[in-house]
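Peer 1: Predicted model and sequence follow; I will ask about them next.
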Amino acid sequence: MSVTRDNLIGLLEPPIEALGYELADLELNLGHGHGLIRLFIDGENGVTVEDCARVSRQVSSVLDVEEPIATDYNLEVSSPGADRKLVKPAHFDRFAGSMVKVRLKRLVEGRRRIKGQLLGRDAQMIKVRMGDEDLSIALEDVEVARLVPDWSEYLRAGSAEISTRN
């Protein structure tokens, strides 16, 4: 049986949470040759390099014991970043009021891409305000949702390291 993203989340989320972190997202690419498991963790006070190393050691131990992957792979542990993906329903609750970019699986009200203020979540629906229009979107229609960073906030904080993903 081949391992799936959901299998790995089920295996790795409990030990990550036991260390006091949230498994914010997991990317799995076990294509031809060398595979990749990329974990995005978050903590109450953010994530440091030491936090990533601590989680990496714990997760490596779990993967060594359980051996869910039969091929060679690299394990990467990172913070979700300023432009983090919103993956879990709770993420949409936590970041209500933030600016988001949403790519949809299908057209919703004639749009496939939406950028606006996340108003929140109600069960399996999210609300996004675009200008003076509020859109209701089913979570199942969301392909990818990301925060739109307020770079002025980072510049005020004096952050020397700012990165984005496209």
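Peer 2: Done, it's in.

Peer 1: What residues sit buried inside the longest strand seen in the chain?
Peer 2: In the chain, assigned by DSSP state E, the strand with the most residues is strand 111-122. Residues of strand 111-122 classed as buried by neighbour count (16 or more other CB atoms under 10 Å): 114, 116-119, 121. Where you see a C-beta, it was placed from the backbone N, CA and C, and this is true even at glycine.

Peer 1: ok, those vs A53, which is closest?
Peer 2: The nearest member of those to A53, counting by CB to CB, is L118 at 32.0 Å.

Peer 1: What residues are bridge-paired with the nearest residue to the closest one once chain neighbours are set aside?
Peer 2: Distances taken as CB to CB, 6 or more residues apart in numbering put V100 closest to L118, at 4.6 Å, once the chain neighbours are dropped. Counting by DSSP bridges, V100 is bridged to G116, L147.

Peer 1: ok, now how distant is V100 from A24?
Peer 2: Per CB to CB, to the nearest Å, V100 is found 15 Å from A24.

Peer 1: Off-centre distance for the longest helix anywhere in the chain?
Peer 2: In the chain, taking DSSP state H as the definition, the longest helix is helix 49-66. Mean-position distance between helix 49-66 and its chain equals 18 Å (CA atoms, centre = their mean, to the nearest Å).

Peer 1: cool, and stretch 86-102?
Peer 2: In this view, stretch 86-102 has its centroid 10 Å away from the chain centroid, taken as CA atoms, centre = their mean.

Peer 1: what about this structure, any weak spots by pLDDT?
Peer 2: Applying pLDDT under 70 to the chain picks out residues 1, 153-166.

Peer 1: how's the chain carved up into domains?
Peer 2: Domain ranges of the chain: 5-78, 89-147, per automatic domain parsing.

Peer 1: Residue most distant from the centroid, this structure?
Peer 2: Going by CA atoms, centre = their mean, the residue of the chain most distant from its centre is D132, 28.2 Å out.

Peer 1: Contacts only, for the residue nearest to L118.
Peer 2: V100 makes contact with 86, 114-118, 128, 145-148, according to CB atoms under 8 Å, 6 or more residues apart in numbering.
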